[in-house]
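S.K.: Fold the following and give me the result.
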Amino acid sequence: MHDFDAFAGELRDQPLAPAAQEQHLALLRSLPDPGERPVTPAARRRRGRVIGGLAIGAVLAVGGGTAVAIGAFSTATDTATGYCYASADLDESVTNRMEFAAAGTPDRPEDASAVALDVCAAYWRSGVFAGGRGDPDRAPTGGSAPVPSLVACVLPDGKAGVFPGDATTCHGLGLSTLRP
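M.R.: Numbering: from 1, shown residues only. The predicted structure is shown next:
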């Protein structure tokens, strides 16, 4: 199964947005009760158009959501190094951003984007990013510092960037989320 298949399966389990659900219910309430009056050919056509419109709207809503979600994920194109950030902004100062490279050899380099979350969690755990500020000269705490929720994004230069935050952080920074 491809990543898209798994992603589409997850979308199917998502609840309908409250606004869309309310619109759907309002349209259903506007349909005449079949027991109230005889159904004329014009009423049948009108009902067919309403139901057809609802079906097309549902397909567009789900399809449009899929397109937006797919566009929000991408892969890193420069996998030699990545960056860990102390805060959810693109400030490149040494107190906010630290570069890392994954283990490997010159002949077989490892993909830094594949280990980005683990590496950055280790930075946080070691105390390098204490108080939301990075300090490369800070002595490690022995691995007991708290680790916030982290999210991996694709930076404009194609490298992985890991920020404290949630699934909305990358979008808020104008970045795509790194495809897992």
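
S.K.: could you measure the closest residue to residue 79 other than its chain neighbours against residue 144, distance?
M.R.: Spatial nearest neighbour of residue 79, excluding adjacent residues (CB to CB, 6 or more residues apart in numbering): residue 111 at 4.3 Å. Where you see a C-beta, it was placed from the backbone N, CA and C, and this is true even at glycine. Distance, residue 111 to residue 144, using CB to CB, to the nearest Å: 29 Å.

S.K.: hmm, back to that, was I right about the residue nearest to residue 79 contacting residue 81?
M.R.: No - shown here, residue 111 and residue 81 do not form a contact pair, counting by CB atoms under 8 Å, at 10.7 Å.

S.K.: burial of the residue lying closest to residue 173 once chain neighbours are set aside, as a residue count?
M.R.: Excluding the flanking residues, the one nearest residue 173 by CB to CB, 6+ apart is residue 90, at 6.2 Å. Residue 90 sits with 17 neighbouring residues when counted by other CB atoms under 10 Å.

S.K.: Contacts only, for residue 90.
M.R.: 155, 161, 173 (CB atoms under 8 Å, 6 or more residues apart in numbering).

S.K.: out of these, which are inside strands?
M.R.: Among the contacts of residue 90, the members falling in strands are residue 161 (criterion: DSSP state E).

S.K.: Of the contacts of residue 90, which is the most crowded?
M.R.: Most neighbours among these, by other CB under 10 Å: residue 161, with 25 neighbours.

S.K.: For it, name its beta-bridge partners.
M.R.: Going by DSSP bridges, residue 161 is paired in beta bridges with residue 83, residue 153.

S.K.: How about the contacts made by it?
M.R.: With CB under 8 Å, 6+ apart, residue 161 has these contacts: 82-85, 90, 116, 152-155, 175.
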